[in-house]
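*Asks:* Model the following, please.
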Amino acid sequence: MGIETALVGGGAMLAGGLLQAGAANRASDTQLEGTYAGIGEQRRQFDLGRQDMAPYRDAGTAALGKLSALINSYQPFDGTELANDPGYQFGLNEGTRAVEQGAAARGGLFSGKTMRDLVKFGQDYGNTMFDRRGSFRLGEQAQRYNQLAGVAGTGQSAAMGGAQLGAQSAGTISDLLTQGGNARAAGIVGQSNALGNAFGNIGNMYLQQSMLDKLMPKPAPTGGVYGA
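*Replies:* Predicted structure coming up:
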């Protein structure tokens, strides 16, 4: 019964090895499920982050286009718009009238001095309004530029934040994939080791039992009718 006993023991070892292999496989599958769940959550968070940043990126992109158009269309102030400005014309007319009324009151409306006063007033008034309107236009341009630049900067920050978020997500997913690969490899190695050990033990048991049977053979059956 030695070989039979060895076979029974070997079957038990094989069953144990199969159980260990199955356990190793299930453990690696469980780790892989956790890895894939982590990857899915990481991607979900990345998508949410990109979605939250989208309005700022879009606003920044639109502002950048307007900023480029503003810079390209810039023209230095040359004073031509003053001629069509009602406020400028009103001030010029009122000032001219005041000079003429003063000269008329003194009895020198058509004198050379009155003409010089009118020319001087027109020049002074024009220079003053030119500087004032030029400064106003320059300030208005600068204000618009700063507004668009601020929005464009917000969009740039959002784009950089999205890039950083993408890099972090890529690194995290790469680490999770590496962990998943290691877990799967560990499961395969565990299966192989469990089955290899089981078959090795079965072979050793069978070899040992065979040697024992040769060293200690079974006794021959006794004679007699019943023995025969």
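
*Asks:* hang on, Asp58 packs against Gly155?
*Replies:* Yes: in this structure, Asp58 is within contact of Gly155 by CB atoms under 8 Å, at 7.5 Å. (Each C-beta comes from the backbone N, C-alpha and C, glycine too.)

*Asks:* Which of these two has more residues huddled nearby?
*Replies:* When neighbours are counted by other CB atoms under 10 Å, Gly155 comes out ahead of the other of Asp58 and Gly155, with 21 against 12.

*Asks:* So for the more buried one, what pLDDT did the model give?
*Replies:* pLDDT recorded at Gly155 is 90.

*Asks:* That one: what's its closest spatial neighbour, skipping adjacent residues?
*Replies:* Leaving aside its sequence neighbours, Gly155 sits nearest to Gly60 (CB to CB, 6 or more residues apart in numbering; 0.9 Å).

*Asks:* any idea which element that neighbour lies in?
*Replies:* helix 2-72 (DSSP states H and E).

*Asks:* Show me what the helix or strand following that helix packs onto, helices and strands only.
*Replies:* Next along the chain after helix 2-72, taking DSSP H and E as the criterion, comes helix 86-105. Applying 3 or more CB pairs under 8 Å, 6 or more residues apart in numbering; DSSP states H and E, one finds that helix 86-105 contacts helix 112-215.

*Asks:* quick one on the thing from earlier: quick one: contacts for the residue nearest to Gly155?
*Replies:* Counting by CB atoms under 8 Å, 6 or more residues apart in numbering, Gly60 touches 151-156, 158-159.

*Asks:* ok, now with 7 Å
*Replies:* 151-152, 154-156, 158 (CB atoms under 7 Å, 6 or more residues apart in numbering).

*Asks:* now do Val151
*Replies:* Val151 neighbours (CB under 7 Å, 6+ apart): 59-60, 63.

*Asks:* And for Gln141, nearest residue in space, chain neighbours not counted?
*Replies:* Nearest to Gln141 is Tyr74, by CB to CB, 6+ apart, at 6.8 Å.

*Asks:* gap between the one you found and Gln31?
*Replies:* Tyr74 is 62 Å from Gln31, where distance means CB to CB, to the nearest Å.

*Asks:* one step back: can you redo the contacts of Val151 as a markdown table, where the extra columns are distance to Ala142?
*Replies:* Below are the contacts of Val151 laid out as a markdown table (distance: CB to CB, whole Å):
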| residue | distance to Ala142 |
| --- | --- |
| Ala59 | 21 |
| Gly60 | 20 |
| Ala63 | 16 |
